[in-house]
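Enquirer: After the sequence you'll find the predicted model.
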Amino acid sequence: GVVAELGAPAGMRVVAVGSHDTASAVVAVPMRPESAAYISCGTWGLVGVELERPVTTDAAREANFTNEGGVDGRVRFLHNVMGLWLLSESVRWWERDGSSIDLPGLLAQADAVTTEVPVFDANDPRFLAPGDLPGRIAQWCAEHGVAPQQSRAEFTRSIVESLAEAFADAVRTASALSGVGVETIHIVGGGALNALL
C-alpha cells in the first residue's frame with residue numbers, strides 16, 4: 001500500500017480526510033443532519049444541509065444548489081453565498097491610504113451601532129471584483145432608495161447584517177428544497193470567530 005510505497009515505518013496509519021476542506025469541516029460538526037444546517041464561512045459562505053441522497057429537482061437546479069460528496073457517502077446539498085470577502089475587501093479599500101484598521105475594534109464599533117443600517121443584496125454580482133466595495137454598496141443603496149451608510153462602523157454593520165440575511169435566505173431555501181426541518185445552524189470556518197455575525 002501507500003505506507004510501503006513511501007518507505008514509512010511499519011504500522012503507520014494512513015487516514016483519508018474529506019475530499020474538500022468543506023467536507024472535512026462539515027463532518028467535524030456535531031450535527032444532527034435531520035434538523036440542522038451548516039454555514040462554512042470564510043471569504044465565501046457555503047450554506048447547506050447534509051443528506052443521505054442528492055436533491056436533483058428542477059427547483060434545486062434553478063436555485064443554484066449543488067450536491068457535493070461528503071464523508072461516508074453523505075451528500076452536502078449546498079449553495080454558494082457571498083462571504084466575508086465584502087468586509088475584508090472593504091477594509092483593504094479603506095487602508096489604501098496607508099492607514100491600518102483594527103478589525104476587532106471595527107467590529108466592536110459596528111456592534112455598538114444603534115441606528116438602522118441598510119440591508120443590501122450581498123450576492124449582487126457587482127460585489128465580486130476587488131476595488132471600491134464601499135462605493136459599490138453605497139451605489140446599490142442609492143439605486144434601491146435606501147438611506148446610505150455614513151461611517152465605517154455603519155458600513156461594517158450593514159455588511160454583517162446583509163451577510164446574515166443572505167445566509168438565512170440560503171438556509172430557508174435549503175430546508176424547503178431538501179425537506180430538512182432546520183432547528184439549528186452550525187457556523188464553521190473563519191467566520192465563526194466573528195461574534196457580531
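Expert: Done, it's in.
Enquirer: and G42, what are its phi and psi?
Expert: phi -150, psi -130 (degrees, to the nearest 10).
Enquirer: What pLDDT does the model give it?
Expert: On the pLDDT scale, G42 is placed at 91.
Enquirer: Now do G189 against L51, distance only.
Expert: Distance from G189 to L51, counting by C-beta to C-beta, to the nearest Å: 20 Å. Just so you know, the C-beta spots here come from the backbone N, C-alpha and C atoms, and that holds for glycine as well.
Enquirer: Show me what the worst-scoring helix or strand of the chain on mean pLDDT is packed against.
Expert: None of the helices or strands of the chain scores lower by mean pLDDT, DSSP states H and E than helix 21-28, at a mean of 72. Helices and strands touching helix 21-28, by 3 or more C-beta pairs under 8 Å, 6 or more residues apart in numbering; DSSP states H and E, are strand 36-41, strand 66-69, strand 75-82, strand 184-188.
Enquirer: buried stuff in that helix?
Expert: Buried residues in helix 21-28, counted by 16 or more other C-beta atoms under 10 Å: T22, A23, A25, V26, V27.
Enquirer: give the contact list for the first one.
Expert: Taking C-beta atoms under 8 Å, 6 or more residues apart in numbering, we find T22 in contact with S40, L46, E68, R76, L78.
Enquirer: Report the angle between the least confident helix or strand of the chain and strand 75-82.
Expert: Counting by axes from the mean of the first three to the mean of the last three C-alpha atoms, to 10 degrees, helix 21-28 lies at 120 degrees to strand 75-82.
Enquirer: where's R172, which helix or strand?
Expert: helix 152-178 (DSSP states H and E).
Enquirer: which parts of that helix are buried?
Expert: Under 16+ other C-beta under 10 Å, the buried positions of helix 152-178 are 152-163, 166-167, 169-171, 173-175, 177-178.
Enquirer: How about the secondary structure of the most centrally placed residue in the chain?
Expert: In the chain, the C-alpha nearest the mean C-alpha coordinate belongs to G45, at 1.8 Å (C-alpha atoms, centre = their mean). Here G45 is recorded as strand under DSSP: H, G, I helix; E, B strand; the rest coil.
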